[in-house]
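Student: Build me a model:
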Amino acid sequence: MSAQPQSSIFSSVPNFNPVANPIPARMKGLNRAEICDLNLVEFVNGWNGRGDARPSPEEAILDGSALDARGFRELFESQLISRHLDLMARVLRVQNKVFYTIGSSGHEGNAMVARLTRHTDPAFLHYRSGGFMAERFRKLPGMDPVMDSALSFAASKDDPASGGRHKVWGSKPLWVLPQTSTIASHLPKALGTAVAIETGRRLGHALPIPDDSIAICSFGDASANHATAQTAFNAAAWTAYQKLPAPVLFVCEDNGIGISVKTPGGWIGNRFRSMDGLDYFAADGLDLASGYGDVQRAVEHCRRTRRPTFLHLRTTRIMGHAGTDFEIEWRSVEELCAVEASDPLLRSAAIALESGLMSKSDVLDLYEATRKRCFAAAEEADRRPKLDDLREVIAPLAPYSPAAVAKEAARADFAERRLEVFGGQAKLPENQPPRHLAIQINNALHDIFAKYPETLLFGEDVAQKGGVYTVTKGLQKAFGARRVFNTLLDETMILGMAQGFANVGLLPIPEIQYLAYFHNACDQIRGEAASLQFFSNNQYRNPMVVRIAGLGYQRGFGGHFHNDNSITALRDIPGLVVGCPSRGDDAATMLRTLTALAKIDGRVAVFLEPIALYMTKDLYEAGDGQWLTSYPDPTEAMTLGEGRTYGEGDDLVIFSYGNGIPMSLRAAKQIEQAHGWKTRVVDLRWLVPLNDAYIAAQAKNARRVIVVDEGRRSAGVGEGVITALAEAGLGAVPMQRVVGVDTYTPLAGAAFLVIPGEDDIVRAADTLAKG
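Tutor: Down below sits the predicted model:
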């Protein structure tokens, strides 16, 4: 048998040359999808070459190919499934039976990656992965790629991937974690998962996948330029440079264009071929016979060496970016025809015919049978139920099992380990004098590490130094460098790593050094971590507790980046939980609840630590020690959403959190002296979601209300409190809001001009007193 070069696959088909004959009369009036469909049929019908003797299943499909005939036949079938799902979507979208038309046409060669990897290799796929999915479905018996995909296209709540919430490529049994369409945002967590496989193995953690698994991550050539992709490539190289294992297979499916922006010719190869730390392989994704061996070498290399591997897979894009992309409006017909002539299905059909594996009728019968199968599945999917109830839609977004979480948070069956960690009964933190916030957070972290052997803490400067504010001091010494370690200076990668560790069953506690540093990495929580349970219908979860030091009021140190008070970025992330303690005992019990919430319900949470209160000891006057607290017994935990009150008065109720609590208590003392009012200060403690019922209950009998919000005026916590009061029918209660200014935080004393102070609270009370 002899291989026919791809450039000449049309030589055996008389009068079939899409470039030379761009608009045959028979194709006028057809859209490009219909033309691509017709191209294959006409190519096969017009083929007049001579096929070789039919190969046996184990025989190479063509001379020199690493792919055998059985493998080729199955890959071809997977390619056809992917193509007809695309064609079906274009037809049925206009009938409102399908709701997604970004297709995989031209990328069907990614089925080779699926065939050469295992179904237990976690896969993070971009949206042109129909071929990959169709092929991976072969890995387990009884699974149907056509019906499962059709249910997703139809947004049916029977969709096994997302339950009808989005058209995603995903499968719990096949270890394909659902991705949405955020550009390149899945690369950091793919690398994180690769690192986590090795970390879990070294810790003796029971991984849910084999120890020699690799992580697979696919993306397009345009996405490779995105900052989020670049951070993953850099982190992979940084890891490899230190000879640390990171078995990730980056699959760049290079079709030469991003929507309408063309990638400069040769850019991807030139950029990555010589990048130190990424082992580069190239393969032709348009030709199964020639590309298979190169893909195989890349996969085997990644699995054997445990090094980051970059597979540059040549693809094309036909039928446009999506069904709404009418390329004929901005590309010449000649260019479109040239692209369509590179259709990988034409090459696969040629291989099937040249090799003698299939006759023309065999190919066309399979093509039409696949079409029929895909349309039948789509019609059936259209008849299946859709999400039509709000409670169903949001059910997987923020699961909460109060009783189980409370029980887990209060579980204290690790007494012996605690004695070992703290150095004996007398040194247990509950047997020590009252301490300030930073020390009690540190004690709580030691307890959590003793309780959960799968816990990891990592970030910038958290290891030997113990953090910028010594909050993590001693943790690495107590629990080892495999559980407490520094990362590169890259918040996006820190949060990507956290997702990876969570994916394999570890419990990550990443640290973001300052709240301002969270913003450039926000999408790793907003678009990825917090959305996973929702888009996987709660089949996948990536539990974590993200520690963020933030808020204002630092003296002698600061400026904008170290005194950032912008909480708004956290407030509108669906499913996220944000807790903010103002004192040490609350910090300990809150951390216990957050870790229990992560363990039981798989939730993503932020533990927002007020920097200015880390070392605060006094409340009313120097030396009074009234802001020191005793360490709570390990069986104590805080109920999610529960606040803390100081005083029982109803003349004035002050709502606040964080730094606002000691300020409000001092202001309340002045207000009581000035006006004779009995006051109550309410520490919200939980900022996302706000407990509207609790807020309303605290203000039910209030004669006046002041809301003290150290965040900014627009979209801050204070707005949420006032809204809760108004919606509870308490809008007529006289109220004032004391809040930060919509500005960046300046340096030195000027910083205190833009955030609330005690005098502002007193003035607000004076205003209320004037009626």
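Student: Show the contacting residues for the residue nearest to residue 568 when sequence neighbours are not counted.
Tutor: Counting by CB to CB, 6 or more residues apart in numbering, residue 568 lies nearest to residue 715, which is 4.3 Å off, once chain neighbours are set aside. Just so you know, the C-beta spots here come from the backbone N, C-alpha and C atoms, and that holds for glycine as well. Contacts of residue 715 were listed using CB atoms under 8 Å, 6 or more residues apart in numbering, and they are 568, 571, 572.
Student: cool, residue 65 as well?
Tutor: 3, 289, 290, 292, 293.
Student: Please list all residues in contact with the last one.
Tutor: Each residue near residue 293 by CB under 8 Å, 6+ apart is listed here: 65, 66, 67.
Student: Nearest the geometric middle of the protein, what residue?
Tutor: Centroid-nearest residue in the chain, with CA atoms, centre = their mean: residue 528, separated by 1.9 Å.
Student: The residue nearest to that one when sequence neighbours are not counted and residue 226, how far apart?
Tutor: Taking CB to CB, 6+ apart, and ignoring the residues beside it in sequence, residue 528 has residue 185 as its nearest neighbour in space, at 5.5 Å. Using CB to CB, to the nearest Å, one gets 8 Å for the distance from residue 185 to residue 226.
Student: who has more neighbours, those two?
Tutor: Between residue 185 and residue 226, residue 185 has the larger neighbour count (other CB atoms under 10 Å), namely 24 against 18.
Student: The more buried one contacts residue 231, correct?
Tutor: No. With the criterion set as CB atoms under 8 Å, residue 185 and residue 231 do not qualify as a contacting pair; they are 10.3 Å apart.
Student: and residue 435, what are its phi and psi?
Tutor: The phi and psi torsions at residue 435 (degrees, to the nearest 10) take the values phi -130, psi 170.
Student: Sorry, wrong one. I was asking about residue 222.
Tutor: Here the main-chain torsion angles of residue 222 (degrees, to the nearest 10) amount to phi -70, psi -40.
Student: how about it, what does it touch?
Tutor: With contacts defined as CB under 8 Å, 6+ apart, the neighbours of residue 222 are 257, 258, 259, 261, 263.
Student: In contact with the third one: list those residues for me.
Tutor: For residue 259, the set of contacting residues under the criterion of CB under 8 Å, 6+ apart consists of 222, 321, 325.
Student: Once you drop chain neighbours, what's closest to the second one?
Tutor: The reference is to residue 321. Excluding the flanking residues, the one nearest residue 321 by CB to CB, 6+ apart is residue 259, at 4.9 Å.
Student: Could you report the pLDDT at that neighbour?
Tutor: At residue 259 the predicted local confidence, pLDDT, stands at 86.
Student: chain center to stretch 638-645, what's the gap?
Tutor: A distance of 29 Å separates the C-alpha centroid of stretch 638-645 from that of its chain, computed with CA atoms, centre = their mean, to the nearest Å.
Student: Which residue ranges of the stretch 251-400 of the chain form strands?
Tutor: For the stretch 251-400 of the chain, the strands identified by DSSP state E, counting those that start in this stretch occupy 257-258, 261-262, 279-284, 309-314, in order along the chain.
Student: Dump the ones you listed into CSV; add distance to residue 656 as well.
Tutor: As requested, the strands of the stretch 251-400 of the chain are arranged in CSV below (distance: least, CB to CB, whole Å):
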stretch, distance to residue 656
strand 257-258, 47
strand 261-262, 49
strand 279-284, 54
strand 309-314, 51
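Student: highest average neighbour count across these?
Tutor: When you average the neighbours per residue for each of the strands of the stretch 251-400 of the chain (mean count of other CB atoms under 10 Å), strand 309-314 leads with a mean of 25.
Student: Now tell me what touches it from outside.
Tutor: By CB under 8 Å, 6+ apart, the list of residues contacting strand 309-314 from outside reads 109-110, 113, 233, 247-254, 268-269, 272-273, 275, 278-286, 291, 295, 298-299, 301-302.
Student: For the protein, give me the ranges with low pLDDT.
Tutor: Filtered on pLDDT under 70, the chain yields the residue ranges 1-29, 181-182, 557-558.
Student: So residue 315 sits against residue 285, correct?
Tutor: Yes. Taking contacts as CB under 8 Å, residue 315 lies within contact range of residue 285: 4.6 Å.
Student: Overlap in contacts, those two.
Tutor: Common contacts of residue 315 and residue 285, defined by CB under 8 Å, 6+ apart, comprise 107, 109, 110, 253, 344.
Student: The fourth one and residue 753: what is the separation?
Tutor: Counting by CB to CB, the separation of residue 253 from residue 753 is 53 Å.
Student: Among those two, which residue is more densely surrounded?
Tutor: Relative neighbour count places residue 253 above the other of residue 253 and residue 753, with 30 against 11, counting by other CB under 10 Å.
Student: Who is that one paired with across the strands?
Tutor: Each beta-bridge partner of residue 253 is listed here, defined by DSSP bridges: residue 220, residue 313.
Student: Against residue 78, how distant is it?
Tutor: Per CB to CB, residue 253 is found 15 Å from residue 78.
Student: now swap in residue 128 and tell me
Tutor: Distance, residue 128 to residue 78, by CB to CB: 14 Å.
Student: can you map out the strands along the stretch 101-250 of the chain?
Tutor: For the stretch 101-250 of the chain, the strands defined by DSSP E, counting those that start in this stretch occupy 123-124, 215-220, 248-254.
Student: Looking at residue 315 and residue 285, which has the bigger crowd around it?
Tutor: Per other CB under 10 Å, whichever of residue 315 and residue 285 has more neighbours is residue 285, with 29 against 26.
Student: Could you check how many residues crowd around the spatially closest residue to that one that is not a sequence neighbour?
Tutor: Taking CB to CB, 6+ apart, and ignoring the residues beside it in sequence, residue 285 has residue 109 as its nearest neighbour in space, at 3.0 Å. Counted with other CB under 10 Å, residues neighbouring residue 109 total 30.
Student: So residue 109 is in contact with residue 289, correct?
Tutor: No. Counting by CB under 8 Å, residue 109 sits too far from residue 289 to count as a contact (11.0 Å).
Student: if we can go back for a sec, which member of the contacts of residue 259 is positioned nearest residue 613?
Tutor: residue 222 (45.6 Å; CB to CB).
Student: Residue 451 versus that closest one, what's the distance?
Tutor: Residue 222 sits at a distance of 45 Å from residue 451 (criterion: CB to CB).
Student: Next: residue 414.
Tutor: Taken as CB to CB, the spacing of residue 414 relative to residue 451 amounts to 5 Å.
Student: Looking at those two now, which is surrounded by more residues?
Tutor: When residue 414 and residue 451 are compared on other CB under 10 Å, the one with more neighbours turns out to be residue 451, at 21 against 16.
Student: For that one, give me its contacts.
Tutor: Residue 451 sits next to 411, 412, 414, 417, 595 when contact means CB under 8 Å, 6+ apart.
Student: Next, the first one: phi, psi?
Tutor: Think residue 411. The phi/psi pair for residue 411 (degrees, to the nearest 10) is phi -70, psi 130.
Student: Just the closest of the contacts of residue 259 to residue 32, please.
Tutor: Distances from these to residue 32 were compared by CB to CB; the smallest belongs to residue 325, at 9.5 Å.
Student: Quick check: chain neighbours aside, which residue is closest to the closest one?
Tutor: Using CB to CB, 6+ apart and skipping residues adjacent in sequence, the residue nearest residue 325 is residue 259, 7.1 Å away.
Student: Roughly how far does the one you found sit from residue 104?
Tutor: Plainly put, residue 259 is 16 Å away from residue 104 if you go by CB to CB.
Student: got it, and residue 510?
Tutor: Distance of residue 510 to residue 104, computed by CB to CB: 34 Å.
Student: Looking at these two, which one has more neighbours?
Tutor: When residue 510 and residue 104 are compared for neighbours, residue 104 comes out ahead with 29 against 25, by other CB under 10 Å.
Student: Let me know whether the more buried one touches residue 81 as I believe.
Tutor: No. At 10.0 Å, residue 104 and residue 81 do not qualify as touching, with contact defined as CB under 8 Å.
Student: okay, and the common contacts of those two?
Tutor: In contact with both residue 104 and residue 81: 130, 131, using CB under 8 Å, 6+ apart.
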